[in-house]
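Trainee: 3D model of this:
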Amino acid sequence: MRKGVINALIVLLGMTSLSSCIKDFLKGPIGTAPNIDTVFSSSQKAEAAIAQAYSESLCSGITVSGWDNNRTYGLRGGTLDELSGEANDTKFNWEDGWIIQHSGMTSNDGSGLPLSDDGFNFNYTAIRLDYLIAENINKVPDMNTVQKQQVEGEMLALIAYRYLSMFKRYGGVPIVTKSLSVQDTLKIPRATLQQTLNFIVSLCDSAADMLPNSYPPQWGGRITKGAAMAMKAEALMFAARPLFNEPTPPLSLGANNDLICLGNYDPTRWQTAADAAKAVIDWAQENGCYIINTGHPLDDYGNAVATPSNPEVLLAYRNESDNASGSSYYDPHGQSGGANSMSFYQLQQYYKADGSDQTWPTDGNWHPYAEYAQKIQEMGARYKESAMGAGIDAWNNPNDTYWSSEVLSNSSNWDGRGGTEACGRRVKFWYHAGTRYWFEFPLFRLAEFYLECAEAYNELGNPALVLQYLNVIHERAGLPPVTETDQTKLRKVIQREWAVEFYMENKRLYDVKAWKLPDIGNGIIGGPKESLIYQYQNGQYGMVPSDYISYQVGLVYTGFWAPNQYFTPFPATEVAKGYLVQNPGY
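Mentor: Numbering: from 1, shown residues only. Just a heads-up that it's a prediction; the model follows:
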């Protein structure tokens with residue numbers, strides 16, 4: 001069974017006769033009876049509401065349009081990989097990606113909106129819609145009991161996904177257990193970190209019991225039992241990592257430390273995380289999901305991360321708009337796509353095709369472009385699927401003029417701010433894409449759970465199991481097997497594997513914080529941000545190899561980091577209402 005995202009659902013949502021009704025249902029007054037009666041009067045209308053729920057619930061942290069003025073989804077301009085150290089900042093200093101990289105997140109940008117990686121209030125807008133559907137699906141006259149239970153399970157999983165997203169960002173958050181009415185108390189205080197984790201796990205377990213293992217082809221992309229299990233496994237992995245699994249948080253909240261810390265180090269959390277991740281793998285093996293490995297690394301990785309409805313993706317978000325501008329922050333043909341290019345730090349995470357490390361010149365001198373061209377061609381399959389070299393056509397779209405360096409350079413200066421961001425133009429989600437401008441953003445890929453097993457078993461001191469799971473992913477990339485058994489060295493290898501395998505998939509920002517990496521303020525998120533810089537024949541930027549003269553590694557800017565950045569700030573306007581305890585340092 002192929003697992004894509006919202007195929008027939010998106011079609012339903014686009015029907016003009018239903019879309020305005022669903023918008024009213026989402027945004028209307030709490031408990032508006034006419035809207036509920038209308039939406040649940042038929043399965044067709046209910047499916048449109050379900051499609052809306054998927055769209056609003058799974059978009060967390062994804063820049064779904066070129067400019068999100070109200071920060072509904074997170075950033076008003078830019079993508080999360082700019083904040084994580086994977087990519088250097090955006091071209092323009094009025095975009096959130098640039099501002100946060102230079103001055104950090106804040107609870108109020110001066111206009112009343114928080115400047116952060118999340119649209120906090122919209123989490124609860126989406127959760128309310130999910131609850132309304134779960135609570136009213138039984139009213140639909142032309143759905144049977146099994147279908148209604150399945151929908152309820154889907155909604156519980158969507159709620160769990162939103163809470164998982166907040167858990168990683170904020171720690172403990174207010175827990176809502178139903179669609180609220182005007183008679184309910186709306187100012188709900190934060191739950192503890194442990195209570196929030198327990199709530200996520202409970203939602204996932206309940207959802208998994210209601211959900212099928214697969215769907216008919218026309219409903220491909222809906223949440224399966226395995227996707228709910230994946231959410232649970234990721235939550236438990238974050239609970240085991242150092243940021244939460246410690247006696248005290250990085251900044252004190254005094255009597256409220258339990259909002260951002262579990263209060264002790266408990267090694268059994270690693271075992272619980274390993275068990276949950278292995279359960280996802282076991283489920284996948286029984287239900288037609290698998291790691292794609294045909295012995296052709298670039299094609300295999302390209303299919304895994306970019307081909308819609310492939311067997312490795314357990315759940316994805318489809319970024320679909322009526323024109324290419326809707327995906328401009330991810331599509332290198334868009335206006336902003338060229339500015340968001342790979343950082344030198346990220347480039348150094350990749351292996352050469354033979355499994356060794358590439359050597360880049362850090363002497364401050366200019367080196368001939370021919371040297372660069374040779375070195376970049378030596379890089380491994382995952383780099384070549386994820387990025388496009390300077391003056392070199394996209395490896396993941398061979399012999400396609402639309403993906404030639406000349407065409408892309410004409411559509412958007414790929415070097416960003418005068419060549420300072422050019423360790424690789426983002427092309428990851430566009431394997432053999434042709435002129436397709438929409439893509440499916442992978443939320444859970446099976447590879448994640450192999451690496452979770454490897455990480456957890458390493459902390460449990462079982463190197464044999466570490467290598468068993470780690471090498472499934474490492475060798476799929478065409479690399480020789482890892483043989484290291486020292487726990488400290490293996491930890492670095494595993495963290496590097498996460499960085500390479502999940503570049504641009506919105507994992508890295510929360511991974512590096514959860515690991516509390518020692519260099520998080522010295523080159524990863526904060527500190528010196530370097531890139532490859534070029535000299536050009538035309539003095540501006542390159543299109544084809546003959547336009548380039550030389551290259552060097554150079555400093556682009558200095559990124560911001562402070563310990564309060566481990567956690568996302570709550571909006572100052574909500575804190576002022578007196579029901580929320582703000583995260584420390586804001």
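
Trainee: I'd assumed Gln194 was in a helix, is it?
Mentor: Yes - per DSSP: H, G, I helix; E, B strand; the rest coil, Gln194 lies within a helix segment.

Trainee: Tell me which stretches of the stretch 351-500 of the chain form helices.
Mentor: 369-377, 381-386, 405-411, 447-459, 463-476, 487-501 (DSSP state H, counting those that start in this stretch).

Trainee: Which among those is found nearest to Asp393?
Mentor: helix 405-411 (5.4 Å; Cβ to Cβ). Any C-beta I mention is one placed from the backbone N, CA and C, and that applies to glycine too.

Trainee: Can you give the distance from the closest one to the centre of its chain?
Mentor: Relative to the chain's own centre, helix 405-411 is displaced by 27 Å; criterion: Cα atoms, centre = their mean, to the nearest Å.

Trainee: what's next to that helix, contact-wise?
Mentor: Contact partners of helix 405-411, identified using Cβ atoms under 8 Å, 6 or more residues apart in numbering, comprise 332-333, 338, 388, 390-394, 401, 414, 425, 541-544.

Trainee: Apply 7 Å and report the result again.
Mentor: Pro332, His333, Gly391, Ile392, Asp393, Thr401, Trp414, Arg425, Tyr541, Gly542, Met543, Val544 (Cβ atoms under 7 Å, 6 or more residues apart in numbering).

Trainee: CA atoms only for it - export them in CSV, please.
Mentor: Coordinates of the C-alpha atoms in helix 405-411 are reproduced here as CSV (Å, rounded to 0.1, in the frame of the first residue of the first chain):
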residue,chain,number,x,y,z
SER,A,405,22.1,25.5,-13.8
GLU,A,406,21.6,28.1,-16.5
VAL,A,407,17.8,28.0,-16.3
LEU,A,408,17.8,28.1,-12.5
SER,A,409,20.3,30.9,-12.3
ASN,A,410,18.2,33.0,-14.7
SER,A,411,15.1,32.3,-12.6
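
Trainee: Give me the subset of the contacts of helix 405-411 lying in strands.
Mentor: Those of the contacts of helix 405-411 mapping onto strands are Arg425, per DSSP state E.

Trainee: Show the buried residues in the contacts of helix 405-411.
Mentor: Using 16 or more other Cβ atoms under 10 Å as the burial test, the contacts of helix 405-411 include Pro332, His333, Gly391, Ile392, Asp393, Trp414, Arg425, Tyr541, Gly542, Met543 as buried.

Trainee: Would you quantify the distance from the fourth one to Gly542?
Mentor: Using Cβ to Cβ, to the nearest Å, we find Ile392 at a distance of 10 Å from Gly542.

Trainee: Ok, the third one next?
Mentor: From Gly391 across to Gly542, the span is 5 Å (Cβ to Cβ).

Trainee: Overlap in contacts, those two.
Mentor: Residues touching both Gly391 and Gly542 (Cβ under 7 Å, 6+ apart): Tyr548.

Trainee: In this protein, where is pLDDT below threshold?
Mentor: For the chain, the stretches flagged by pLDDT under 70 are 1-34, 64-66, 90-91, 319-328, 334-340, 411-421.

Trainee: Asp275 in helix, strand or coil?
Mentor: Going by three-state DSSP: Asp275 is helix.

Trainee: gap between the two ends of stretch 37-44?
Mentor: 13 Å (Cα to Cα, to the nearest Å).

Trainee: Could you list the buried residues of that stretch?
Mentor: Thr38, Val39, Phe40, Ser43.

Trainee: How about stretch 136-153?
Mentor: So for stretch 136-153, counting by 16+ other Cβ under 10 Å, buried means Asn136, Ile137, Val140, Met143, Lys148, Gln149, Gln150, Val151, Glu152, Gly153.

Trainee: The fourth one: what's its closest spatial neighbour, skipping adjacent residues?
Mentor: In other words, Met143. Ser43 (5.0 Å; Cβ to Cβ, 6 or more residues apart in numbering).

Trainee: With only the CA atoms kept, save stretch 276-295 in PDB.
Mentor: Extracted in PDB, the C-alpha atoms of stretch 276-295 (Å, rounded to 0.1, in the frame of the first residue of the first chain):
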ATOM      1  CA  ALA A 276       8.200   2.200  20.300                       C
ATOM      2  CA  ALA A 277      10.500   2.800  17.300                       C
ATOM      3  CA  LYS A 278      11.000  -1.000  16.700                       C
ATOM      4  CA  ALA A 279       7.200  -1.400  16.900                       C
ATOM      5  CA  VAL A 280       6.900   1.000  13.900                       C
ATOM      6  CA  ILE A 281       9.500  -1.000  12.000                       C
ATOM      7  CA  ASP A 282       7.700  -4.200  12.700                       C
ATOM      8  CA  TRP A 283       4.400  -2.700  11.700                       C
ATOM      9  CA  ALA A 284       6.000  -1.500   8.400                       C
ATOM     10  CA  GLN A 285       7.400  -4.900   7.500                       C
ATOM     11  CA  GLU A 286       3.900  -6.400   7.900                       C
ATOM     12  CA  ASN A 287       2.100  -3.700   5.900                       C
ATOM     13  CA  GLY A 288       4.000  -3.000   2.700                       C
ATOM     14  CA  CYS A 289       6.200  -0.100   3.900                       C
ATOM     15  CA  TYR A 290      10.000  -0.500   3.500                       C
ATOM     16  CA  ILE A 291      13.300   1.200   3.100                       C
ATOM     17  CA  ILE A 292      13.800   1.600  -0.700                       C
ATOM     18  CA  ASN A 293      17.100   0.000  -1.600                       C
ATOM     19  CA  THR A 294      17.700  -1.300  -5.100                       C
ATOM     20  CA  GLY A 295      21.400  -0.700  -5.100                       C
END
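
Trainee: mind listing what's buried in that stretch?
Mentor: Burial within stretch 276-295, assessed by neighbour count using 16+ other Cβ under 10 Å, is assigned to 276-281, 283-284, 287, 289, 291-293.

Trainee: Likewise for stretch 95-113?
Mentor: Buried residues in stretch 95-113, counted by 16+ other Cβ under 10 Å: 95-101, 104-109, 113.

Trainee: Ends of it, what's the gap?
Mentor: 14 Å.

Trainee: Residues in contact with it: which ones?
Mentor: Counting by Cβ under 7 Å, 6+ apart, 71, 75-79, 82-83, 89-90, 92, 114-117, 559-560, 562, 565, 568-573, 575, 582, 586 sit against stretch 95-113.

Trainee: What of stretch 185-202?
Mentor: Stretch 185-202 is contacted from outside by 160, 163-164, 167, 171-176, 180, 232, 235, 239, 244, 258-262, 577, 579-581, using Cβ under 7 Å, 6+ apart.
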